[in-house]
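Engineer: sharing a sequence plus its predicted fold:
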Amino acid sequence: MTPGHAHQAGPEAAQLPALCLVVLAAAVYLMAAHRLRRRGSAWSWTWQASFITGAVLLAVALTLPVPAGPFTSHMSRHLLAGMVAPVLLVLGRPLRLALRVLRPSRVRRAVLAVVHSRPAGWMVSPAVAVVLDMGGLWLLYRTPLLAASGHHGWLHAVVHMHVVVAGTLFAFAVCQVEPVRRRWSLPWRAGALLVGGAAHAVLAKTLYATPPPGTAFAAPDLRAGAQLMYYGGDAVELALAAVVAAQWYAVTGRAHRRAFRRARRRTTAAPGPAPVT
Amino acid sequence: MSQGRRSARTQGEGERGRSVAAAALVGAAAMAAVDEIVFHQVLGWHHFFDRSTPAIGLLSDGLLHTAELLALVAGFVMWADLRRRRALSAAHASAGLLLGLGGFQLFDGLVNHKVLWLHQIRYGVPDLLPYDVAWNGAGLVLVAAGTVLAVRARRVGRRAQPGTRTGPDAGPDTDQEEIHR
């Protein structure tokens, strides 16, 4: 495989439909948010900005050329499309928006049935999501899959779709901002972050030393790409951890206020020994 | 979350422990960041990946590196939570910060550099010993300073609030009132 092959075989075939899909998703989101607001309901502008930025970054990753070596440019696309954009898309709460904007109908019932189904529940559990995301990444870079995807346009498209979908799934499971079947506790989500981050960091370090099987990238290009993967992964990891931490801060704050109110009620009801709160 | 309820009840000793823990998490992560920025990026002394690293070393490095990132966020949010409830003990927090800084430095110098053989402090120098001594000596000094501060904070705390060790309902009830208006 010649350097740069990985991004010359596939994109022509799959680029346009993928780009159309991204634009369509952004347009539908904007229309839904607009409809909700016209109805008099509020929809956060921050969430909307997050989703639209994610869609724009995804489109950029799909189309814009990166002025760097082939492996580094491949890696920067993966970072954008598979890690940064998914977090922003998930924080835009598209599912919540859909459920709020759809009136009771067959469509809404169908969406709810899928969201509340057992398989969907398993898919968005932190443990499964981290295996799907990181397992796919290890398969891509530590088997001849990357080399093969350079030769077959369809495989290239499937691989890239998996990167985006699995990245979204991981962000979805860790952030847990959507109404789904089961809520996972903080240790589960932090554990998924730890395992996922470690798997990502180790893979990046091994890529620094040895290229994916069946490819021949120049050493400086490989090293730059691997370091981009390592530090870029750190940035996304920090962002996800900040989301989880902010949720914890809000939840404990509410718990403190509740506990305090309860204690005060007890004091006013029964003047006696001070409450232990 | 049950954690919130528990910490609201145990105002005395528990909050000091949390002050130490929050600051130690931030300290360890801060030292890791200094290591990454100064020695890897600015000076270029450490290697990103030394090819002689065994697989287990690579795995532990990945886990540790990720844990540092999470520790930074967790430490800050715990610290913010303590501040919000006015339950932060500043003396205990500074002890924890130094313990975290020095603890990470020592761990990095002994376990990562010497046991797991991840990478060395500097490459292409005739003798590594002075570097190792300086590295671990600095860690030891930080840990010693942290220990002194911790002992002092404990002594001062005990003198100031002799009641806190017997019952958690002694002092800070009035504090709580102010925060949760």
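Structural biologist: Arrived safely, thanks for sending.
Engineer: list the buried residues for the host helix or strand of B:R152?
Structural biologist: Using DSSP states H and E, the element containing B:R152 is helix B:129-160. For helix B:129-160, burial by neighbour count (16 or more other C-beta atoms under 10 Å in any protein chain shown) applies to B:131-132, B:135-136, B:139, B:142-143, B:145-146, B:149-150, B:153-154, B:157. The way it works is simple: take the backbone N, C-alpha and C, and place the C-beta from them, glycine included.
Engineer: just the pLDDT for the closest residue to A:W184 other than its chain neighbours.
Structural biologist: Nearest non-adjacent residue to A:W184, counting by C-beta to C-beta, 6 or more residues apart in numbering or on different chains: A:P126, 5.5 Å away. You'll see A:P126 listed with a pLDDT of 94.
Engineer: wait, what's in contact with A:P126?
Structural biologist: A:173-174, A:184, A:188-189, A:191-192 (C-beta atoms under 8 Å, 6 or more residues apart in numbering or on different chains).
Engineer: ok, these vs chain B, which is closest?
Structural biologist: Relative to chain B, the closest of the contacts of A:P126 is A:G191; by C-beta to the nearest C-beta it sits at 10.0 Å.
Engineer: the closest one sits in which helix or strand?
Structural biologist: For A:G191, the element it lies in under DSSP H and E is helix A:186-209.
Engineer: check which helices and strands that helix sits against.
Structural biologist: Judged by 3 or more C-beta pairs under 8 Å, 6 or more residues apart in numbering or on different chains; DSSP states H and E, helix A:186-209 is in contact with helix A:126-142, helix A:153-175, helix A:219-269, helix B:55-84.
Engineer: export these to a markdown table and tack on distance to B:L99?
Structural biologist: Shown next, in a markdown table, are these (distance: least, C-beta to C-beta, whole Å):
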| stretch | distance to B:L99 |
| --- | --- |
| helix A:126-142 | 31 |
| helix A:153-175 | 30 |
| helix A:219-269 | 22 |
| helix B:55-84 | 12 |
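Engineer: and those: which comes nearest A:R38?
Structural biologist: helix A:153-175 (28.0 Å; C-beta to C-beta).
Engineer: can you give me the angle that closest one makes with helix A:219-269?
Structural biologist: Counting by axes from the mean of the first three to the mean of the last three C-alpha atoms, to 10 degrees, helix A:153-175 points 30 degrees away from the direction of helix A:219-269.
Engineer: A:P179: what secondary structure?
Structural biologist: Secondary structure state of A:P179, per DSSP: H, G, I helix; E, B strand; the rest coil, is coil.
Engineer: next, give phi and psi for it.
Structural biologist: With angles defined as degrees, to the nearest 10, A:P179 sits at phi -80, psi 100.
Engineer: now the stretch 51-200 of chain A against chain B: closest residue?
Structural biologist: Closest point on the stretch 51-200 of chain A to chain B, by C-beta to the nearest C-beta, is A:G197, at 3.4 Å.
Engineer: which ones are touching that residue?
Structural biologist: If a contact means C-beta under 8 Å, 6+ apart, then A:G197 has A:233-234, A:237, B:62, B:65-66, B:69-70 as its contacts.
Engineer: what is the nearest of those to A:W47?
Structural biologist: Relative to A:W47, the closest of the contacts of A:G197 is A:E237; by C-beta to C-beta it sits at 21.8 Å.
Engineer: now the closest one: how far from A:V23?
Structural biologist: Using C-beta to C-beta, to the nearest Å, we find A:E237 at a distance of 29 Å from A:V23.
Engineer: which one's more surrounded, these two?
Structural biologist: Under the criterion of other C-beta atoms under 10 Å in any protein chain shown, the comparison of A:E237 against A:V23 puts A:E237 first, with 24 against 14.
Engineer: and that one, how far is that from A:V180?
Structural biologist: Taking C-beta to C-beta, one finds A:E237 at 23 Å from A:V180.
Engineer: which residues does B:D81 contact?
Structural biologist: B:D81 makes contacts with A:249, A:252-253, as judged by C-beta under 8 Å, 6+ apart.
Engineer: including neighbour count and distance to chain B, could the residues you listed go into JSON lines?
Structural biologist: Shown next, in JSON lines, are the contacts of B:D81 (neighbours: other C-beta atoms under 10 Å in any protein chain shown; distance: C-beta to the nearest C-beta, whole Å):
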{"residue": "A:Y249", "neighbour count": "16", "distance to chain B": "5"}
{"residue": "A:T252", "neighbour count": "21", "distance to chain B": "4"}
{"residue": "A:G253", "neighbour count": "16", "distance to chain B": "7"}
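Engineer: low-confidence regions, chain A specifically.
Structural biologist: Along chain A, the model assigns pLDDT under 70 to residues A:1-13, A:270-277.
Engineer: let's see it at 50
Structural biologist: Applying pLDDT under 50 to chain A flags the ranges A:1-11.
Engineer: quick revisit: the helices and strands packed on helix A:186-209: which one's closest to A:A27?
Structural biologist: A:A27 lies closest, by C-beta to C-beta, to one member of these: helix A:153-175, at 18.2 Å.
Engineer: what count of nearby residues applies to A:L99?
Structural biologist: Counted with other C-beta under 10 Å, the neighbours of A:L99 add up to 15.
Engineer: ok, and what's touching the one helix or strand it maps to?
Structural biologist: In the assignment (DSSP H and E), A:L99 maps to helix A:94-101. Residues outside helix A:94-101 that contact it (C-beta under 8 Å, 6+ apart): A:25, A:29, A:32-33, A:35-36, A:41, A:43, A:47, A:51, A:108, A:111-112, A:115, A:177-180.
Engineer: give me that answer again for 6 Å
Structural biologist: Here helix A:94-101 makes contact (C-beta atoms under 6 Å, 6 or more residues apart in numbering or on different chains) with A:32, A:35-36, A:178.
Engineer: among those residues, which pair sits farthest apart?
Structural biologist: Greatest spacing in the contacts of helix A:94-101, by C-beta to C-beta: A:R35 and A:E178 (19.4 Å).
Engineer: report the contact partners of the closest residue to A:V124 other than its chain neighbours.
Structural biologist: Distance criterion C-beta to C-beta, 6+ apart; nearest residue to A:V124, sequence neighbours excluded, is A:A173 at 5.0 Å. A:A173 is in contact with A:124, A:126, A:129, counting by C-beta under 6 Å, 6+ apart.
Engineer: I'd like those residues as CSV, with distance to A:A14 appended.
Structural biologist: Shown next, in CSV, are the contacts of A:A173 (distance: C-beta to C-beta, whole Å):
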residue, distance to A:A14
A:V124, 26
A:P126, 30
A:A129, 24
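Engineer: looking at those residues, which is nearest A:A147?
Structural biologist: Nearest to A:A147 among the contacts of A:A173, with distances taken as C-beta to C-beta, is A:A129, at 27.0 Å.
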